[in-house]
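Student: Sequence first, then the predicted structure, then my questions.
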Amino acid sequence: MSRSGPDGGDPEWTFDPDKDYDPDEDFETLDDPDEADDPDEESGAAARPAGPPLTDVDGLDRGETLYREAGGSWWVVSIGPVMILLVLILEIIGGGRIHWGVLVIFGIVLVGFSVLQVIAARQHVSMELTETTLRQGTQTIAVADIAEIFPANNGSEPRDWEAARALGELPAVPRRRKGIGLRLTNGRLAQAWARDVDRLRSELSEAVLAAQLGLGPTKKSS
């Protein structure tokens, strides 16, 4: 049984107890929320296309090293032995019992901690710029993948690139380093970083210009 709708249009459906219904033909299923129409698709708004992938640096001739920072110095490892030596001298001068076991244990702990600290620093906060590549920590990109270098922000208002993720495996610019805003060829914003950020900016600007002009490395890397 059916009746006309309130506006005189299509009739409203009513249940007939004497009729055998086919669930697939006589009933409409509710829409799955996950399959609902996307308002952006309805309005014709298209997603922003992704840029080209970054260059694979494996096998890329890197040329000469233009600038490099080691990230950590091995002289830090000597702090532990020097401290132990000072304590040993004080105990000898004091004429008391020398605690060899304690000194050895503390020496091993201090040296071991210093070695781990230096290794981590040289791995994660070291950087190297060559004629064709920029390495930041364990990540290396091709200089040709840098589309733009933003000027330093000397004003009070933050720039978009200052909120961008830093190159490397660390999410932010490492401590005691400063960032340089970059726009990569895939459209992503990023930050290069170094202790001497002015030196890196100067060398990187020249390397990027050379890459944009199609100039290869002046010296083949061994």
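Tutor: Done, it's in. Just so it is clear, the model here is predicted, and its values are computed rather than measured.

Student: Quickly find the element holding Asn186.
Tutor: Using DSSP states H and E, Asn186 is not contained in any helix or strand.

Student: in the protein, which spans are strands?
Tutor: Per DSSP state E, the chain carries strands over the ranges 2-4, 11-13, 65-69, 127-130, 133-136, 139-142, 146-149, 178-184, 189-194.

Student: can I get those strands in TSV with mean pLDDT, distance to Leu85 and mean neighbour count?
Tutor: In this view, the C-beta of every residue, glycine as well, is placed from N, C-alpha and C. Conversion of these to TSV gives the following (pLDDT from 0 to 100; distance: least, C-beta to C-beta, whole Å; neighbours: other C-beta atoms under 10 Å):
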stretch	mean pLDDT	distance to Leu85	mean neighbour count
strand 2-4	50	100	10
strand 11-13	55	94	11
strand 65-69	96	30	16
strand 127-130	96	34	22
strand 133-136	96	37	23
strand 139-142	95	40	18
strand 146-149	96	48	17
strand 178-184	96	37	20
strand 189-194	97	35	22
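
Student: Dump those strands to JSON lines, plus distance to Ala120.
Tutor: Formatted as JSON lines, the strands of the chain follow (distance: least, C-beta to C-beta, whole Å):
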{"stretch": "strand 2-4", "distance to Ala120": "76"}
{"stretch": "strand 11-13", "distance to Ala120": "70"}
{"stretch": "strand 65-69", "distance to Ala120": "15"}
{"stretch": "strand 127-130", "distance to Ala120": "15"}
{"stretch": "strand 133-136", "distance to Ala120": "15"}
{"stretch": "strand 139-142", "distance to Ala120": "16"}
{"stretch": "strand 146-149", "distance to Ala120": "27"}
{"stretch": "strand 178-184", "distance to Ala120": "20"}
{"stretch": "strand 189-194", "distance to Ala120": "16"}
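
Student: my read: Gln123 touches Gln139, true?
Tutor: No. If you go by C-beta atoms under 8 Å, Gln123 and Gln139 don't touch, sitting 11.4 Å apart.

Student: Can you find the helix or strand in this structure with the smallest mean pLDDT?
Tutor: helix 39-42 (a mean of 43; mean pLDDT, DSSP states H and E).

Student: for this structure, which helix is longest?
Tutor: Ordering each helix of the chain by length in residues (DSSP state H) puts helix 100-124 first.

Student: Now do that helix, average pLDDT.
Tutor: The average pLDDT for helix 100-124 rounds to 88.

Student: ok, now stretch 214-222?
Tutor: 74.

Student: Burial check on Leu215, number of neighbours?
Tutor: 12 (other C-beta atoms under 10 Å).

Student: So which bits of stretch 52-67 are buried?
Tutor: In terms of neighbour count (16 or more other C-beta atoms under 10 Å), stretch 52-67 has its buried residues at Val57, Leu60, Arg62, Gly63, Leu66, Tyr67.
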